[in-house]
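**Q** For reference, the sequence and a predicted model appear below.
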Amino acid sequence: MTIKAYPPAPKHLRAACAHPQGHLTSHGNRATLQAYLNDGLVYRNDADGYRLPAETAQAQSVEPYVITGAGRRAILNGSQLAAIDSADKDGALRDVSWPTAAALARLTLVEYRDATGVPQPTDGDDGRTGPKHQPFLTPAGIDAARAAKPQS
């Protein structure tokens, strides 16, 4: 018995998550893309910047497909979801393992910041003293965390 992974072809969503503007640069076939649109994992705007309905997004626009917060959440594992959902009100992730923080950083959902709040490229661990920089949610990470909460 084969278990179907959800979302279909998640490598496309992972690439979009890591893209600076969240663009879906490849999507496999039209059926996979329509599944992404129908499930709210990606969207597409018309030329005026308004979000197109999922039913017409493939036919009516030349704008790029963009990953949503729900799309970002769909590719995360349990520890990654728990980490972004437990962020402080300032976006800091506390008590998160380095592999989880590193994976979220690769997906551009977190960034490392030093004690003064300046973004850093890594956690600053030199292999002897441990991490020196704290992971914080990026705007994309905040969007993914908000996607778990009911919209009012």
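**A** Done, it's in.

**Q** CA atoms for contacts and neighbours, from now on please.
**A** Will do.

**Q** Can you list the low-confidence ranges for the protein?
**A** Applying pLDDT under 70 to the chain picks out residues 1-5, 149-152.

**Q** ranges for the helices of it?
**A** In the chain, the helices defined using DSSP state H lie at 10-18, 30-38, 57-60, 69-74, 78-85, 98-106, 139-146.

**Q** Any chance of JSON lines for these, columns mean neighbour count and distance to Val118?
**A** Shown next, in JSON lines, are the helices of the chain (neighbours: other CA atoms under 10 Å; distance: least, CA to CA, whole Å):
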{"stretch": "helix 10-18", "mean neighbour count": "21", "distance to Val118": "21"}
{"stretch": "helix 30-38", "mean neighbour count": "18", "distance to Val118": "35"}
{"stretch": "helix 57-60", "mean neighbour count": "16", "distance to Val118": "39"}
{"stretch": "helix 69-74", "mean neighbour count": "22", "distance to Val118": "25"}
{"stretch": "helix 78-85", "mean neighbour count": "18", "distance to Val118": "20"}
{"stretch": "helix 98-106", "mean neighbour count": "18", "distance to Val118": "15"}
{"stretch": "helix 139-146", "mean neighbour count": "20", "distance to Val118": "15"}
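
**Q** Switch the ones you listed over to a markdown table; also include distance to Pro121.
**A** Conversion of those to a markdown table gives the following (distance: least, CA to CA, whole Å):
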| stretch | distance to Pro121 |
| --- | --- |
| helix 10-18 | 15 |
| helix 30-38 | 31 |
| helix 57-60 | 36 |
| helix 69-74 | 21 |
| helix 78-85 | 19 |
| helix 98-106 | 9 |
| helix 139-146 | 16 |
